[in-house]
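Participant: Could you look at this predicted model? Sequence included:
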Amino acid sequence: MKGKASFLGQFLTNAAQVGSVIPSSTFLTRKMLPPAIPWHKLERIAELGPGTGVFTRYLQARRSGSSELVLFEKNKTFRETLKRQYPGLPILEDALHLENIVKETGRPFDLIVSGLPFANFPNELQERLFRTIHEALAPNGTFIAFQYTLRLRRKFQTHFPTMDTGHTWLNVPPAWVFTCRKQSERRSGNG
C-alpha cells in the first residue's frame, strides 16, 4: 500500500507529470508489453516516465542480459526510488535527452516504452517529444505508449503512420495503448 500512497501523493502535488492517482495495473503491463515482443533482438530499450517502476520490473525480467535499459523520469521522488531499486540502470531526468544519447553513442533505441501523460502537456512539448522519440528510434523500432484518452490518436498517427491501438478496461482509469512502428526512411529518387 505504501507504493500506492506515494503515487497518490505525487499525483496530488504534481498532476501534470504523474497523470494518475495509482500505478498501472498488471493488465496494462501485459497489454503494453505482450509476450510476442522479440526480447532477444532488442539491444537498447528506453522507458519514459517509469514512475514507481511497474513496467521497469517487467522490462528487467524480460530483456536479454546483453541489452541496455535506460530510464527517463522527471519526478525527483520517483527518480530517487528508481535509483535505489535499480542501481545498475542509467536514470536520467528528461526524455528530451533521448536524441542526445543516440548522437553521443551512435546507437538508436529498438524499443521505447512510455508512461508519459502526453494529454497533460502543452502542444509544443508534445510535438518536441514525438519528434525526439521518432528520431531516437532505430529503423523499424517500436514506440509503445499508453494514454487515458483517444484524444491524441491523430497526433500519434501523424508521427507514426504505422500504428495499432488497443485498450484495457482493467486499469484505473481504463487505458488506451498505442503501438507505433518507425518505418525506414524513404529516400527521394531511390524508388
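Facilitator: Arrived safely, thanks for sending. Residues are numbered from 1 along each chain as shown.
Participant: drop to CA atoms for contacts and neighbour counts, all remaining ones
Facilitator: Will do.
Participant: Just checking: what are the partner strands of the longest strand along the chain?
Facilitator: Longest strand of the chain, by residue count under DSSP state E: strand 137-147. Here strand 137-147 has these sheet partners by DSSP bridges: strand 109-114 (parallel), strand 175-181 (antiparallel).
Participant: The spatially most central residue of the chain bridge partners, please.
Facilitator: Closest residue to the average C-alpha location of the chain: S114 at 1.5 Å, with CA atoms, centre = their mean. Following DSSP bridges, S114 is listed with bridge partners L48, A145.
Participant: I'd say it and I144 touch.
Facilitator: Yes. Shown here, S114 and I144 form a contact pair, counting by CA atoms under 8 Å, at 6.2 Å.
Participant: Not counting residues beside it along the chain, what's closest to R62?
Facilitator: Nearest non-adjacent residue to R62, counting by CA to CA, 6 or more residues apart in numbering: W39, 6.5 Å away.
Participant: Settle this for me: that neighbour is touching S64, isn't it.
Facilitator: Yes. If you go by CA under 8 Å, W39 and S64 touch, sitting 6.4 Å apart.
Participant: just the helices in this structure please.
Facilitator: Ranges of helices within the chain are 2-13, 15-18, 26-32, 54-62, 76-85, 98-105, 123-136, 153-159, based on DSSP state H.
Participant: picking up where we left off before, please identify the most buried of the strands paired with strand 137-147.
Facilitator: strand 109-114 (a mean of 24; mean count of other CA atoms under 10 Å).
Participant: Can I get it in CSV, CA atoms only?
Facilitator: What follows is strand 109-114 as a C-alpha-only set of coordinates in CSV (Å, rounded to 0.1, in the frame of the first residue of the first chain):
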residue,chain,number,x,y,z
PHE,A,109,16.7,2.5,-29.4
ASP,A,110,14.9,-0.6,-30.6
LEU,A,111,12.1,-0.1,-28.1
ILE,A,112,10.8,3.0,-26.4
VAL,A,113,8.1,2.4,-23.8
SER,A,114,6.2,5.4,-22.4
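Participant: follow-up on the earlier one: columns distance to A46 on top of the helices of the chain, output as JSON lines?
Facilitator: Converted to JSON lines, those look like this (distance: least, CA to CA, whole Å):
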{"stretch": "helix 2-13", "distance to A46": "21"}
{"stretch": "helix 15-18", "distance to A46": "18"}
{"stretch": "helix 26-32", "distance to A46": "14"}
{"stretch": "helix 54-62", "distance to A46": "10"}
{"stretch": "helix 76-85", "distance to A46": "14"}
{"stretch": "helix 98-105", "distance to A46": "8"}
{"stretch": "helix 123-136", "distance to A46": "10"}
{"stretch": "helix 153-159", "distance to A46": "18"}
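Participant: how about those, which one is nearest T168?
Facilitator: Closest to T168 of the helices of the chain is helix 26-32 (CA to CA; 6.4 Å).
Participant: counting contacts, what elements does the closest one pack onto?
Facilitator: helix 54-62, strand 137-147, strand 162-168, strand 175-181 (3 or more CA pairs under 8 Å, 6 or more residues apart in numbering; DSSP states H and E).
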